[in-house]
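Undergrad: Sequence plus predicted model, see below.
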Amino acid sequence: MTLHLDDLRVRHLGACRYDSPFSEMLSSKQTSPHYVAEGDRVLLEDTVSMIAGHDLPAGLVPSFEAAGPRRKIYFDPSRVTAGIVTCGGLCPGLNNVIRGLVQELSVHYKVKRILGFRNGLQGLTAEHRDDTIELTPERVRDIHKAGGTILGSSRGGQDADEMVDSLVLRDVDIMFVIGGDGGMRAATFLSKAIKARGLDIAVIGVPKTIDNDLPFTDQSFGFQSAFARATDFISSVSVEAAASPNGVGIVKLMGRHSGFIASYAALAANGADIVLIPEVPFTLGGPDGLLAHVEHHVRAKGYVVIVLAEGAGQDLFDEHGQPQHNGRGTDASGNVKLGNIGELLKERITDHLTAVGLAPTMRYLDPSYAIRSIAANAYDSVYCLRLAHAAVHAAMAGRTEAAVARWRRRFVHVPLSLMTSRRNQVDPDGDLWMSVLETTCQPAEFGSAPDRESIRSSVFSA
Ligand SMILES: Nc1ncnc2c1ncn2[C@@H]1O[C@H](COP(=O)(O)OP(=O)(O)OP(=O)(O)O)[C@@H](O)[C@H]1O
Ligand SMILES: O=P(O)(O)OC[C@H]1O[C@](O)(CO)[C@@H](O)[C@@H]1O
Ligand SMILES: [Mg+2]
């Protein structure tokens, strides 16, 4: 998908006429390696060949609007009511973002009121629209020390007009949606319904998910905290497997259809022999298959450690007649339910090793929610705070139907339509996966795996 400058422009509600509380501080700000001045833009691409490929003057190559405080703002802060909602799966840092939004809105912009809508976007339905939490700096003082979200979260669809009615009835002028791909779709959906009704309400998305499956951001917040926590479980099964005859240590990690958590956790723990991710299909049998490779490790060093992304090997269920493990169907938000690849591999590895006389000692861990229900680590805490600041500046400046993100280490405004345009996945031909192969010394592919694109399209078609 070739992007042009116009594809990266975000919608503005109108002219900014009010003085910003930051206007004095900004008077001397210039673009530098450490700051992007108001009006300057951040390049989408960062190699000479990619830039040259556009054959355009610098000002016309694709670029994002820089995030950050403006000299003039669209809303009169004294008349602003802000709303905040958290949706989808839990993620370290949700409370940090809420706290950052409340502090910036209250302390610097001195907005009139901040409402926390409960339990995801269902909190914007007629049934729940009045069940809000008044958010103040005192109320959020210590919330960043705990995982989860003080507002609650949920999955499932809501009617756009009903949600817009709630914003109107609660006098909300700016709405912050903290969510993953689903939440960003919801924010898009909400923004378009607001525009269709000619309403002056800004919607700003703060991209969230441990999966890191969102595009146009360096990383989604919470991802680092989650994969850091996952390394503890990899270390545990490595100790267990190494101390057992024919030890087989397996850790199954979240990440839905993206293998970032498994890849980064394996690199961080630096102890895995095999990493399996959704983006790289594998076969079980045959001389080059996974089972033969597992057997090789057990024979050569007495044990094997496998880091398994929950979305890996989904194509195997049909081929291997394992419907009992295959979730099939979708969750309330329409996300495909994954088959339990951990159970399938446990069974197939146990059968294979037993058949060749290497009865295994299986050590299997599925940390599942343990890696996403924790508080944010120091890195994500800072990242969440700065995303929150950027989100408030964007909303107060009348940007809408946009998300705030960090792109090539600069904070930028990304059109919501781009945030949901594709799923961010590990590139099997990219440098991250190359690092995994260099670290594990596993083959680039196990057996003559099916065509990657056919796997990808079949998994994501639901
Ligand atoms: N296609 C869609 N159109 C409109 N709204 C959607 C859509 N998909 C999801 N949503 C809304 O976004 C909310 C969250 O979506 P979802 O449950 O998929 O989690 P998410 O935001 O992707 O987060 P995570 O991936 O971290 O779990 C849903 O409850 C629903 O309100
Ligand atoms: O929260 P639920 O509905 O159990 O969904 C779990 C899914 O949510 C995530 O944690 C975030 O999308 C995925 O990694 C995981 O597959
Ligand atoms: Mg999602």
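TA: Arrived safely. Ligands and ions are numbered 1, 2, ... in the order given.
Undergrad: Now the closest residue to Arg399 other than its chain neighbours: phi and psi?
TA: Leaving aside its chain neighbours, Arg399 sits nearest to Val10 (5.2 Å; criterion: Cβ to Cβ, 6 or more residues apart in numbering). Every C-beta, even on glycine, is put in place using the N, C-alpha and C of the backbone. Backbone geometry at Val10, expressed as degrees, to the nearest 10, gives phi -100, psi 150.
Undergrad: quick one: low-confidence parts of this structure?
TA: The chain contains residues with pLDDT under 70 at 319-327, 449-462.
Undergrad: Okay, domains of it per the record?
TA: 65-220+376-419, 223-373+427-460 (automatic domain parsing).
Undergrad: Which of the ones you listed has the highest mean neighbour count?
TA: domain 65-220+376-419 (a mean of 22; mean count of other Cβ atoms under 10 Å).
Undergrad: Verify the stated contact: Arg70 with Glu38.
TA: Yes: if you go by Cβ atoms under 8 Å, Arg70 and Glu38 touch, sitting 5.5 Å apart.
Undergrad: Ala66 is in contact with the residue nearest to Arg399, correct?
TA: No: judged on Cβ under 8 Å, Val10 makes no contact with Ala66 at a distance of 11.1 Å.
Undergrad: overlap in contacts of the two?
TA: His413 (Cβ atoms under 8 Å, 6 or more residues apart in numbering).
Undergrad: Regarding Leu353, what is its secondary structure?
TA: Secondary structure state of Leu353, per DSSP: H, G, I helix; E, B strand; the rest coil, is helix.
Undergrad: Can you tell me the closest non-neighbouring residue to Cys16?
TA: Lys72 (3.8 Å).
Undergrad: Please enumerate the helices of the protein.
TA: 23-26, 48-52, 94-103, 160-169, 181-196, 223-242, 260-269, 290-301, 316-319, 341-355, 378-396, 416-419, 431-440, 452-460 (DSSP state H).
Undergrad: do you know which of the ones you listed lies nearest ligand 3?
TA: helix 181-196 (4.2 Å; Cβ to the ion).
Undergrad: what about the closest one, near ligand 2?
TA: No: counting by Cβ under 6 Å from any ligand atom, ligand 2 has no neighbours in helix 181-196; the shortest distance is 8.3 Å.
Undergrad: residues bridging contact with Arg70 and Glu38, i.e. touching both?
TA: Applying Cβ under 8 Å, 6+ apart, one finds that Arg70 and Glu38 are jointly contacted by Leu26.
Undergrad: What parts of the stretch 51-200 of the chain come near ligand 3?
TA: 180-182 (Cβ under 5 Å from the ion).
Undergrad: Pick the one among the residues you listed closest to Gly286.
TA: The closest of those to Gly286 turns out to be Asp181 (Cβ to Cβ; 35.7 Å).
Undergrad: Now do the contacts for that closest one.
TA: For Asp181, the contacting residues are 209, 213-214, 419-420, 423, by Cβ under 8 Å, 6+ apart.
Undergrad: quick one: which of the residues of the stretch 51-200 of the chain next to ligand 3 is nearest Pro57?
TA: Among those, Asp181 lies closest to Pro57 (Cβ to Cβ), at 34.1 Å.
Undergrad: What's opposite the residue nearest to Cys16 in the beta bridge?
TA: Lys72 has these beta-bridge partners by DSSP bridges: Asp19.
Undergrad: Distance of Ala66 relative to Thr31?
TA: 8 Å (Cβ to Cβ, to the nearest Å).
Undergrad: so what sits against both of these two?
TA: With Cβ under 8 Å, 6+ apart, Ala66 and Thr31 have common neighbours 37, 40.
Undergrad: what are the ranges of the strands in the stretch 1-150 of the chain?
TA: 11-12, 18-19, 41-43, 63-66, 72-73, 81-86, 113-116, 133-134 (DSSP state E, counting those that start in this stretch).
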